[in-house]
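**Student:** Predicted structure and sequence below. I'll ask about it afterward.
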Amino acid sequence: MAKRVQLVLNQDISKLGKFGDLVEVAPGYARNYLIPQKLATHATPSILKQVERRREIERQRQEELKQQALTQKEALEKVTGYTVSVQAGENDAIFGTVTTQDVADVIKQNANLEVDKRGITIPDIGKLGTYEAEIKLHSDVTAKVNIQVVAS
């Protein structure tokens, strides 16, 4: 069996690794594809130090983002009155739907926080009442808020 070659990836490659990963590949794959395409470089001690430094900076950045998300979670959960006004008919049935954009707008009004509507998960809302919405602020931080749906 041929000897494997250690390389550091210069960009994400599906089924191989992410930017900065140390990978072992066949010598032909490295020599004929990865290195000429500038997708990877040989793993030298100085490059390994650079990769370690980049990883540490990225880890610190992620930790900072997580702290910001925790602060944002506390601010979201501190406010209790998130109210969405919709048109309602008989038996408290609502016309239309309550969307994640509606929830994001209500949060912006009440808590003065920008929340990405793609990170909001709401149940199917068909009647007036109180519903719980989950807001994903970070990969590790999720806030839960109560949304009151009332007739306008």
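**Tutor:** Noted; the coordinates are in hand.
**Student:** separation between the residue found closest to I120 once you drop the neighbours it is linked to in the chain and S46?
**Tutor:** Leaving aside its sequence neighbours, I120 sits nearest to T100 (C-beta to C-beta, 6 or more residues apart in numbering; 4.2 Å). Glycine gets a C-beta too; all of them are placed from N, C-alpha and C. Using C-beta to C-beta, to the nearest Å, we find T100 at a distance of 47 Å from S46.
**Student:** related to what we said a few turns ago, per-residue confidence for the residue nearest to I120?
**Tutor:** Here, the pLDDT recorded for T100 equals 91.
**Student:** same thing with S152?
**Tutor:** 82.
**Student:** Hmm, T83 and it touching each other?
**Tutor:** No. Taking contacts as C-beta atoms under 8 Å, S152 lies outside contact range of T83: 10.3 Å.
**Student:** Mind checking which of T100 and S46 has more residues around it?
**Tutor:** Using other C-beta atoms under 10 Å, the more surrounded residue of T100 and S46 is T100, with 17 against 8.
**Student:** how far out from the middle of the chain is the longest helix along the chain?
**Tutor:** Ordering each helix of the chain by length in residues (DSSP state H) puts helix 45-78 first. Relative to its chain's centre, helix 45-78 lies at 13 Å (C-alpha atoms, centre = their mean, to the nearest Å).
**Student:** One more: stretch 19-30?
**Tutor:** Worked out by C-alpha atoms, centre = their mean, stretch 19-30 lies 28 Å from the chain centre.
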